[in-house]
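In: need a 3D model of the following:
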Amino acid sequence: MKIVVDWDRCEANGVCVRAAPESFHLDDKDQLHVLTETVPPELRAKVDKAILGCPKQALSLSED
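Out: Predicted coordinates:
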């Protein structure tokens, strides 16, 4: 599974970073960075929580 970000929707509010800090990071300019594009099984629950918690629904998973 691969993390997909809809950059037009993302406001970089940090909900995903708090839910899955191993997979997401906000830099000093409040730009979101995906740290683990391909989600390892041990992080799947945290990434799912980040996706569900995104207030702008900017995150999803892809089979690719």
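In: next, give phi and psi for the residue nearest to I51 when sequence neighbours are not counted.
Out: Excluding its sequence neighbours, the residue lying closest to I51 (C-beta to C-beta, 6 or more residues apart in numbering) is L59, at 4.4 Å. Placement of C-beta: from N, CA and C, glycine included. Main-chain dihedrals, L59, degrees, to the nearest 10: phi -110, psi 150.
In: bridging residues for L59?
Out: Beta-bridge pairing for L59 (DSSP bridges): V5.
In: right, and it touches A50 too?
Out: Yes: look at L59 against A50 with C-beta atoms under 8 Å: they come within range, at 6.3 Å.
In: between those two, which one's more packed in?
Out: A direct count of neighbours by other C-beta atoms under 10 Å for L59 and A50 places L59 higher, at 26 against 21.
In: so who does the more buried one touch?
Out: Going by C-beta atoms under 8 Å, 6 or more residues apart in numbering, L59 touches 3-6, 10, 16, 50-51.
In: closest to L32 out of these?
Out: C10 (5.8 Å; C-beta to C-beta).
In: doesn't the closest one lie inside a helix?
Out: No: going by DSSP: H, G, I helix; E, B strand; the rest coil, the assignment for C10 is coil, not a helix.
In: check contacts around it.
Out: Applying C-beta under 8 Å, 6+ apart, the residues contacting C10 are 32, 56, 58-59.
In: this protein: helices as residue ranges?
Out: Along the chain, counting by DSSP state H, helices occupy 15-19, 44-53.
In: residue contacts, the residue nearest to D30 when sequence neighbours are not counted?
Out: Excluding its sequence neighbours, the residue lying closest to D30 (C-beta to C-beta, 6+ apart) is A12, at 4.9 Å. Neighbouring residues of A12 by C-beta under 8 Å, 6+ apart: 26, 30-32.
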